[in-house]
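Enquirer: Predicted model and sequence below, questions to follow.
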Amino acid sequence: MLIELGHFTLILAFVISIVQTFLPLIGAQRLHYGLMKVGEPLSLVHLFLLICSFAALSYGFIASDFSLKIVTSNSHTLKPLLYKISGVWGNHEGSLLLWALILALFGAACALFGGNLPASLKARVIGVQGSISVAFLAFIIFTSNPFERLLLAPMNGQDLNPLLQDPGLALHPPFLYLGYVGLSMTFSFAIAALLEGRVDAAWGRWVRPWTLAAWVFLTIGIGLGSWWAYYELGWGGFWFWDPVENASFMPWLFATALLHSAIVVEKREMLKSWTILLAIFAFGFSLIGTFLVRSGVITSVHAFANDPERGFFILLIIIFFMGGGLLLFSLRARIMQTKGIFAISSRESFLVLNNILLAVAGFVVFIGTIWPLIAEGLWDRTLSVGPPFFEAAFTPFFVLLMMALPFGTLAPWKRAKFTKIAKKLIPVLILSLCSLGLLWSLQSQKSLLGPIGISLGIWLVLSSITDLNSRLGKNRDFARLLRLPRADWGRALSHGGLGIAVIGIAGLMAWEVEDIRVVKTGETIQVADYDIRLNHVGPKNGPNYLSIQANITVSKTGAFITELSPERRNYTIAQMPTTEAAIANGFWRDIYVVLGDRQSESSWAIRTYIKPLANWIWGGTIIMAFGGVVSLTDRRHRIGASSKKKGA
Amino acid sequence: MKRLYLLIFLALFASPVFSIEPGEILADPQLEERAREISKGLRCLVCQNESIDESDAQIAGDLRLLVRERLLVGDTDQAVVDYIVERYGEYVLLNPTLQGANWLLWLAGPFVFLTTLFCVFIAIKGQKNHESQPISEDDMQRLHQILDKDTKN
């Protein structure tokens, strides 16, 4: 009964979204106030219906209703509750329903919190948002219905892919989707502004919090995914340039560019057409990402749908929204006149450089990801484009970006004296170069990667501090720091966080120690400075898996550090073995141990890694996202909302 | 009973679910280092975007052994890679070559970057000053509206 109700509310939401698309848009065109206003309650009803639908599907999973097709193929009665819930979006149909739910959530958020928007702009945003919902709900209902029943309900399900039964991965899709779909808001704002025929500083200010929110979610989502890969896949890789990772990375790069160019629109009323274009592209890449993942056109670990019909449908959605957006853009381009001018050396120029580098980096990732398709389609060549390409082709642009970044944060608007900025940065530059030399001479193997990466990170972190420091004024008044706009704090935190993440990436990639060998129980081996003793190996049972667990003691020069218990699991229902690495997390290094095959009566293959600075990657990512949150609470984003609350 | 459990486990875990095995490692550390580097650039044929160095699959293990065999025979790194490409096709290369149209792939980024940089440079240089234009009546009104709201807080 509940399931039918969920199915019914899903269809009803589809109908509502059609009305939500047309009435406000027509109202805004004819300046009919009533029609414009009707979008707000409609978007709330739309959200309510999808919440009901999603709740019904979740109930199906929690109660293990195996008459539902996707519950049968993705769940099992023995599966822990958390993964029964995360199983709702651990499959194609359910994840699309989550996508649609978040889409409705953003539409409703605009209706509720967009108090300071002009009525016609708001109506148009809600209308465009509705039209995206129409496309996705139609996609769900006609090609990927999560409420499809089985004629004969089996006794039990086939369980979720064990790799997905993990707390990190339970949260990864919702965050990523909040980011992906959050970009639909900036898209809707861009289209609404084009329809409106007005892109100005106020628009820049309205669109920025939405972009920022989407960016924060996307950052956290990507960070979670990378963290999961690190501890779950069994050899501690954190980024694979997998097509599906790229699918989330491309929107992130474009959203980052958009975040910066929207500042120029807001403060200087410039780069308007470019910003609108970026908004269309950022969401376009979200859609392309969805297409790559959902169509299975590029095979990868994540593609659980392999259905050409679905791929075709998403392709139509991309063509409609991206093509339509770009067409509208070309028709309305002349409304976006630039008002001011700026010198080659100015904050504007640096933000333009930031945008070029990020967009080109995004383009490189894009072309690398789809190149196998192009090569096969045009020249009948089956080839691969893997990590070596991306590392070589992507990294230079990002390194350039990070080198230029501190100059941009310190440069004033319009016209900057380059020598003045350089003067502020000289101490930072010297310190970064010293660290480069020091690391170069200290390391045993002469690789450039580590020292360069780490000194770049130091360059970013120290220049963020310089950025804050330069705000103190002549008389070093530290109390001023607290009174700084939150956006300035956000900027320093995010850029510093990026630096910390880069330090982690460089350290991990350059100085990782790996050891693979056969170890007898009771034997102690030495890896780097650490003594690893394999105490014993024995069976251990989980709710839906069988497992062998090793007990390992880690010590350094006789001093006990920790005990580790790496496991090898076999998920009995899904018939899939997994390795569960055991990690001793530390500030300077992780000790990462994996249990391998049994070699003889009492000896096992053991893989040990010492991973320097690994946690800096995720620490930096969290700081970056936190900087975004701080910036989001800046006073100027709250003006509309707070004026209502205080009744002023 | 415990023994029985262990037996069941061993049966369940009999298949290799592990990337590089201790037994595969070459005695000569330099040769092994080269083998690892080569393995990292070769794609596992049945996996999804994994190198043979990372993969658990049977065929990846076979290829790792093949790489080491060729190295022991005295092949250069390039010769080993060529040997494998000859048998399994270009698909195994994670790092695309510059052959054929692939130069488009490699040059796409730098080309787009330099072109936009050049265009933007010209555009910034060629800016005309619009700043002398007086603010329009319409904009003025909106500005006041926004400013009023701002100061009310």
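Expert: All right, it came through fine.

Enquirer: Can you list phi and psi of the residue most central in space within chain B for me?
Expert: The centroid of chain B falls nearest to B:Leu94 when counting by C-alpha atoms, centre = their mean (7.7 Å). Backbone geometry at B:Leu94, expressed as degrees, to the nearest 10, gives phi -80, psi -30.

Enquirer: check contacts around it.
Expert: Going by C-beta atoms under 8 Å, 6 or more residues apart in numbering or on different chains, B:Leu94 touches A:Ser384, A:Val385, A:Gly386, A:Pro387, A:Pro388, A:Phe389, B:Lys40, B:Gly41, B:Leu42, B:Arg43, B:Ser51. Where C-beta positions appear, they are placed from N, C-alpha and C, glycine not excepted.

Enquirer: and the residue of the stretch 1-150 of chain A found nearest chain B, helix, strand or coil?
Expert: Closest residue of the stretch 1-150 of chain A to chain B, C-beta to the nearest C-beta: A:Asn116 (7.1 Å). The three-state label given to A:Asn116 by DSSP: H, G, I helix; E, B strand; the rest coil is coil.

Enquirer: so how many other residues sit close to it?
Expert: Neighbour count for A:Asn116, taken as other C-beta atoms under 10 Å in any protein chain shown: 16.

Enquirer: Also A:Pro243?
Expert: 26.

Enquirer: and the longest helix for chain B?
Expert: Criterion DSSP state H: the longest helix present in chain B is helix B:102-125.

Enquirer: Name the next helix or strand downstream of that helix, please.
Expert: Scanning forward in sequence from helix B:102-125 by DSSP states H and E, the next helix or strand is helix B:137-152.

Enquirer: May I have the residues that are in contact with the residue in chain A positioned nearest to chain B?
Expert: Closest residue of chain A to chain B, C-beta to the nearest C-beta: A:Gly386 (2.8 Å). With contact set as C-beta under 8 Å, 6+ apart, A:Gly386 has these partners: A:Trp241, B:Gly41, B:Arg43, B:Asn49, B:Ser51, B:Leu93, B:Leu94, B:Asn95.

Enquirer: Also A:Pro162?
Expert: A:Pro162 neighbours (C-beta under 8 Å, 6+ apart): A:Tyr545, A:Arg569, A:Tyr571, A:Ala574, A:Met576, A:Thr578.

Enquirer: Go again with 6 Å.
Expert: Counting by C-beta atoms under 6 Å, 6 or more residues apart in numbering or on different chains, A:Pro162 touches A:Tyr571, A:Ala574, A:Met576, A:Thr578.

Enquirer: Leaving out sequence neighbours, find the closest residue to it.
Expert: A:Tyr571 (4.0 Å; C-beta to C-beta, 6 or more residues apart in numbering or on different chains).

Enquirer: The helix or strand hosting A:Ile220 - contacts with which helices or strands?
Expert: Assigning secondary structure by DSSP H and E places A:Ile220 in helix A:201-232. Contacts defined by 3 or more C-beta pairs under 6 Å, 6 or more residues apart in numbering or on different chains; DSSP states H and E place helix A:201-232 against helix A:167-196, helix A:243-268, helix A:614-632.

Enquirer: Show me what the mean pLDDT comes to for that helix.
Expert: Averaged over helix A:201-232, pLDDT sits at 89.

Enquirer: List the buried residues in that helix.
Expert: Buried residues in helix A:201-232, counted by 16 or more other C-beta atoms under 10 Å in any protein chain shown: A:201-232.

Enquirer: A:Ala190 versus the residue nearest to A:Ala333 when sequence neighbours are not counted, what's the distance?
Expert: Spatial nearest neighbour of A:Ala333, excluding adjacent residues (C-beta to C-beta, 6+ apart): A:Ser273 at 5.6 Å. Between A:Ser273 and A:Ala190 the distance, using C-beta to C-beta, to the nearest Å, works out to 10 Å.

Enquirer: Look at these two and report which has more neighbours.
Expert: A:Ala190 (28 against 20).

Enquirer: My understanding was that that one contacts A:Ala279; is that so?
Expert: Yes: using C-beta atoms under 6 Å, A:Ala190 is in contact with A:Ala279, at 3.7 Å.

Enquirer: how near is the nearest residue to A:Phe139 once chain neighbours are set aside to B:Glu37?
Expert: Once flanking residues are discounted, A:Phe139 sits nearest to A:Phe313: 5.3 Å by C-beta to C-beta, 6+ apart. Applying C-beta to C-beta, the value for A:Phe313 to B:Glu37 is 43 Å.

Enquirer: and those two? which has more neighbours close in?
Expert: Neighbours were counted for A:Phe313 and for B:Glu37 using other C-beta under 10 Å; A:Phe313 has more, 20 against 12.

Enquirer: what secondary structure does the more buried one sit in?
Expert: Assigned by three-state DSSP, the conformation of A:Phe313 is helix.

Enquirer: Farthest-apart pair in the contacts of A:Gly386, please.
Expert: Longest distance between any two of the contacts of A:Gly386 is 14.4 Å, between A:Trp241 and B:Leu93; criterion C-beta to C-beta.

Enquirer: what about chain B, any weak spots by pLDDT?
Expert: Applying pLDDT under 70 to chain B flags residues B:1-19, B:128-135, B:149-153.
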